[in-house]
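Student: need a structure here:
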Amino acid sequence: MTKEMDRHQLPNSRKRAQNTAPTGQARFRPRAAPTLAEDEYQKLRDSIISMELLPGTAISETELAAQSGVSRTPVREAILRLARDELVEVAPKSGTFVARIPVSVLPEALIARRALESVTTAAAAKNASRSQKLELQVLLEQQREFADLGDFERFHASDEALHQKIAEIGRLPSLWTMVQQVKLQIDRFRRLTLPEPGRMHMALGEHTEVVTAIENNAPKVARQKMDDHLNGLQHHIKNVVEAHPDFFIHDADLNDLVNL
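Tutor: Numbering: from 1, shown residues only. Predicted coordinates:
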């Protein structure tokens, strides 16, 4: 098409200079409401990660569909997505089961999480305002109450909220999204550590040291305290796996995982 033809056929168009940013108000497509499959995925995912559904538990599409009042199609779509997340195992001619936790993935996931949260924690120590420091203290008080009550579920939720808040204070919320993606198996593993005597109060003490460093605007100290906190999980791998051998895939030597 020649320039002359283009000019006559598109009389109201204006050419934008090369490498020039578009003008006008940006518009983004509104987020669609969750589908039935997404709802089923989230419910099943939460049940698996919380260890409400233990590794090795059989999953029936028919029963899940009946419980939710939906057809089997969205349940099947949810299960296939969970299989891609390695949270569900679909065994031909045998059935569908909650996947066991591969021992080998735990240290690698911990390394990735530690790298990401070291950055968010140091950034939070640089950027935290007085009101944000108070928000962190509120979360610590919640954890203290839940630890005293022995409430594992609410302690875990407040623990997650603290780590997310640190990323937000550090102005790096997308890194927290990445952390959530790499720590799926860690979350399942962590649920097995919380009932250990004194474990919640130990985690609370470590969180307190991280928050204190953030309040003191000490990025290097805050980063080190977060590293120490996350490294602690690695030292629990051997004991937890030995206590719950049926929940894990034993694809690594436990003695080699302690000091990675």
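Student: verify the stated contact: residue 168 with residue 176.
Tutor: Yes: in this structure residue 168 lies within contact range of residue 176 using CB atoms under 8 Å: 7.5 Å. Where you see a C-beta, it was placed from the backbone N, CA and C, and this is true even at glycine.
Student: neighbour count winner among those two?
Tutor: Remark: of residue 168 and residue 176, residue 176 carries more neighbours, 20 against 15, as counted by other CB atoms under 10 Å.
Student: any idea how far that one is from residue 200?
Tutor: 22 Å (CB to CB, to the nearest Å).
Student: and what of residue 217?
Tutor: Residue 217 sits at a distance of 28 Å from residue 200 (criterion: CB to CB).
Student: same question for residue 252.
Tutor: 28 Å.
Student: which element is residue 56 on?
Tutor: Of the helices and strands defined by DSSP states H and E, none includes residue 56.
Student: when you give positions from now on, start the count at 275
Tutor: Let's use 275 as the start, then, which means that last one is residue 330.
Student: any chance you could map the strands in this structure?
Tutor: 332-333, 362-365, 369-372, 375-376, 522-523 (DSSP state E).
Student: let's have those in CSV, adding mean pLDDT.
Tutor: Listed next are the strands of the chain as CSV, based on pLDDT from 0 to 100:
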stretch, mean pLDDT
strand 332-333, 94
strand 362-365, 91
strand 369-372, 94
strand 375-376, 94
strand 522-523, 94
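Student: any low-confidence regions in this structure?
Tutor: The chain contains residues with pLDDT under 70 at 275-307, 531-534.
Student: domain assignment for it?
Tutor: Structurally, the chain divides into domains by automatic domain parsing as follows: 310-373, 376-530.
Student: return the most buried member of those.
Tutor: Among those, the stretch with the highest mean neighbour count (mean count of other CB atoms under 10 Å) is domain 376-530, at a mean of 18.
Student: what's the span of that one, first residue to last?
Tutor: For domain 376-530, the first-to-last residue distance is 15 Å (CA to CA, to the nearest Å).
Student: surely residue 380 and residue 460 touch.
Tutor: Yes: because the distance of 6.5 Å satisfies CB under 8 Å, residue 380 is recorded as touching residue 460.
Student: what residues are shared contacts of these two?
Tutor: When contacts are counted by CB atoms under 8 Å, 6 or more residues apart in numbering, residue 380 and residue 460 have no shared neighbour.
Student: which ones are touching the residue nearest to residue 520 when sequence neighbours are not counted?
Tutor: Distances taken as CB to CB, 6 or more residues apart in numbering place residue 330 nearest to residue 520, at 6.2 Å, with adjacent residues excluded. Contacts for residue 330 (CB under 8 Å, 6+ apart) come out as 371, 372, 374, 520, 521.
Student: closest to residue 314 out of these?
Tutor: residue 372 (14.8 Å; CB to CB).
Student: quick check on the nearest residue to that closest one once chain neighbours are set aside: phi, psi?
Tutor: Ranked by CB to CB, 6+ apart and with sequence neighbours excluded, the top spatial neighbour of residue 372 is residue 331, at 4.5 Å. Residue 331 adopts backbone torsions of phi -70, psi 130, taken as degrees, to the nearest 10.
Student: how far away is residue 331 from residue 404?
Tutor: 47 Å.
Student: tell me the contacts of the nearest residue to residue 357 once chain neighbours are set aside?
Tutor: Leaving aside its sequence neighbours, residue 357 sits nearest to residue 364 (CB to CB, 6+ apart; 5.4 Å). By CB under 8 Å, 6+ apart, the contact list for residue 364 reads 353, 354, 357, 370.
Student: using a markdown table, lay out the strands of the chain together with distance to residue 430.
Tutor: As requested, the strands of the chain are exported to a markdown table (distance: least, CB to CB, whole Å):
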| stretch | distance to residue 430 |
| --- | --- |
| strand 332-333 | 23 |
| strand 362-365 | 21 |
| strand 369-372 | 18 |
| strand 375-376 | 17 |
| strand 522-523 | 20 |
